[in-house]
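Student: Kindly generate the corresponding structure for this input.
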Amino acid sequence: KHEEALARLAFGINERRAVMLLTGEVGTGKTTLVRFLVGRLPASVQAAMIANSSLDAVPLLRMILAEFKLPAGPGADKAALIKSLQTHLEGLSANRRRGLLIIDEAQNLPIDSLEEIRMLSNFQVKNHCLVQILLVGQPELRSRMKDPRCLQIAQRIALNYHITALNLEETRAYIAYRIKRSGGRPELFTPDAVEMVFRLSRGIPRSINLTCDSALIYGFAEEERVIDREVVEKAAKQLDLMGLVNIENAGASSGAAPGGGGRTEGNGRVILESIAGLERSLASFKNDLKQEIEKFGRQAGSATSAVTKLSELLKKR
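Tutor: So this is what the prediction gives:
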């Protein structure tokens, strides 16, 4: 899924599509994919990536200028900001280059900011756009595009893709890859553990990361040599992870992600809240584990000191 998304975006950039759209549920790896893409852009494309999208038109324009490394005087009005950006883009075009504006979490954009972005897509030279625009966001972004006020920018979207959750085989490959990259053994997680991670996470990469992380911490604390289904279940209960999946889905067939075809059905908000709770629980668990290790270290230090003193006393006698 991510390879296809990457290929489509690369095609859109190469073919100079004016406006592109990439959506996916919370934690599916949209931002990671886009950063990967930016790191491999040709020298002919200058990218500006905006992470804080909940800005009105003028602050957004100032941030765009900053990302393109352009000065924006504190007293400059909207017209001056737009002119400065246009001049820069025309300069790029004169050198056979172009700009790429990426707006992450674009579902948070106010209507006036969306309209301003649409206006930027009007910058053209010889029927070629001076700046390409990539809107990245959660599924709500697609819903926003159906708003009559967004009709003009929606009509300009020439390429779009929606990233869905991973299926079981993709989850297995993903876990094995991350373990191998960190120097571990791919078989560290048993097949039944991977299946449980998949069912708990619903194939959402960020949730897979958190689930496996908590299982590894629990396994370390229990001095386990492998992570099996039982360890994952214990870690899940410890971190109250079961809120990510209901009992019916936990017992369903594992051929695809719960919700049909590897897709989550509009439950992004629930998953986000569950992940936030999981992150808090994981931080608390790590802190408790750190305190226990420090306590053990102090006890070990006291024992070592006592042994040293006893040894010195015996030598004197």
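Student: Would you map the strands across the stretch 101-250 of the chain?
Tutor: 124-125, 128-129, 131-137, 157-163 (DSSP state E, counting those that start in this stretch).
Student: any chance of those in JSON lines, with mean pLDDT and distance to residue 184 too?
Tutor: Where C-beta positions appear, they are placed from N, C-alpha and C, glycine not excepted. JSON lines is the format used below for the strands of the stretch 101-250 of the chain (pLDDT from 0 to 100; distance: least, CB to CB, whole Å):
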{"stretch": "strand 124-125", "mean pLDDT": "80", "distance to residue 184": "51"}
{"stretch": "strand 128-129", "mean pLDDT": "84", "distance to residue 184": "46"}
{"stretch": "strand 131-137", "mean pLDDT": "95", "distance to residue 184": "31"}
{"stretch": "strand 157-163", "mean pLDDT": "93", "distance to residue 184": "27"}
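Student: Pick the most buried one from these.
Tutor: strand 131-137 (a mean of 24; mean count of other CB atoms under 10 Å).
Student: Pull the residues that contact it.
Tutor: Strand 131-137 is contacted by residues 9, 12-13, 16-23, 30-31, 34, 53, 89, 98-108, 117, 120-121, 123, 141, 157 when judged by CB atoms under 8 Å, 6 or more residues apart in numbering.
Student: List the neighbouring strands of it plus their orientation.
Tutor: strand 19-24 (parallel), strand 98-103 (parallel) (DSSP bridges).
Student: The strands of the stretch 101-250 of the chain: which one's closest to residue 48?
Tutor: Residue 48 lies closest, by CB to CB, to one member of those: strand 131-137, at 8.6 Å.
Student: Apart from its neighbours in sequence, what residue is nearest residue 38?
Tutor: Closest residue in space to residue 38, ignoring its immediate chain neighbours: residue 47 at 5.0 Å, by CB to CB, 6 or more residues apart in numbering.
Student: oh sorry, the question was meant for residue 58
Tutor: Here the residue nearest residue 58, using CB to CB, 6+ apart, is residue 78, at 5.3 Å.
Student: What residues does that neighbour make contact with?
Tutor: Taking CB under 8 Å, 6+ apart as the test, what residue 78 contacts is 57, 58, 61.
Student: residues in contact with the residue nearest to residue 23 when sequence neighbours are not counted?
Tutor: If the residues on either side of it in the chain are set aside, residue 23 comes closest to residue 162, at 4.9 Å by CB to CB, 6+ apart. Contact analysis of residue 162 by CB under 8 Å, 6+ apart lists 22, 23, 24, 139, 142.
Student: Residue 23 is in contact with the last one, correct?
Tutor: Yes: under the criterion of CB atoms under 8 Å, residue 142 is in contact with residue 23, at a separation of 5.7 Å.
Student: Please point out which parts of stretch 73-84 sit buried.
Tutor: Buried residues in stretch 73-84, counted by 16 or more other CB atoms under 10 Å: 76, 81, 82, 84.
Student: before we move on, back to that, show me just the buried residues among the contacts of strand 131-137.
Tutor: 9, 12-13, 17-23, 30-31, 34, 53, 89, 98-108, 117, 120-121, 123, 141, 157.
Student: what's the distance between stretch 195-206 and the middle of its chain?
Tutor: With CA atoms, centre = their mean, to the nearest Å as the basis, stretch 195-206 stands 15 Å off its chain's centre.
Student: whoops, stretch 187-199 was the one
Tutor: 22 Å.
Student: Which residues belonging to it are considered buried?
Tutor: 188, 189, 190, 193, 194, 195, 196, 197, 198, 199.
Student: These into JSON lines, with extra columns for distance to residue 224?
Tutor: Formatted as JSON lines, the buried residues of stretch 187-199 follow (distance: CB to CB, whole Å):
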{"residue": "188", "distance to residue 224": "10"}
{"residue": "189", "distance to residue 224": "11"}
{"residue": "190", "distance to residue 224": "11"}
{"residue": "193", "distance to residue 224": "11"}
{"residue": "194", "distance to residue 224": "15"}
{"residue": "195", "distance to residue 224": "18"}
{"residue": "196", "distance to residue 224": "15"}
{"residue": "197", "distance to residue 224": "15"}
{"residue": "198", "distance to residue 224": "20"}
{"residue": "199", "distance to residue 224": "20"}
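Student: between those residues, which is nearest residue 210?
Tutor: Using CB to CB, the buried residues of stretch 187-199 come closest to residue 210 at residue 197, 9.9 Å.
Student: Quick one: end-to-end length of stretch 96-108, please.
Tutor: For stretch 96-108, the first-to-last residue distance is 33 Å (CA to CA, to the nearest Å).
Student: re earlier: among the buried residues of stretch 187-199, which one sits closest to residue 2?
Tutor: Nearest to residue 2 among the buried residues of stretch 187-199: residue 198, at 16.6 Å, using CB to CB.
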